[in-house]
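1. Compute the structure for the input listed below.
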Amino acid sequence: MTGHYEFSYILDRLRLQTACDTYQSLLWKPYITVNLRIYKTLKSIFLQKD
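-> Numbering: from 1, shown residues only. Okay, the predicted model is just below:
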């Protein structure tokens, strides 16, 4: 019984963490897209690829 309880507790924690991550990623989405653009640009410069 304890194992099942711990498992459901872990699942709840994961669900909460996922919700927080989703919320934060929604908040940070503009910054992430800008950073991705910069990252891709730098990568293309370093790798000399078009």
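2. starting at the chain centroid, how far to stretch 32-45?
-> 17 Å (CA atoms, centre = their mean, to the nearest Å).
3. And for stretch 35-50?
-> For stretch 35-50, the distance to the chain centre is 21 Å (CA atoms, centre = their mean).
4. And for Leu47, the neighbour number?
-> 8 (other CB atoms under 10 Å). Heads up, the C-betas are built off the backbone N, CA and C, glycines and all.
5. Sorry, wrong one. I was asking about Tyr5.
-> Tyr5 has 9 nearby residues by other CB under 10 Å.
6. what do you get for Val34?
-> 10.
7. dump the residue contacts of it.
-> If a contact means CB atoms under 8 Å, 6 or more residues apart in numbering, then Val34 has no contacts.
8. Please, where are all the helices along this structure?
-> According to DSSP state H, the chain carries its helices in the segments 2-47.
9. can you list the weak-confidence ranges in it?
-> Where the chain drops to pLDDT under 70, the residues are 1-3, 49-50.
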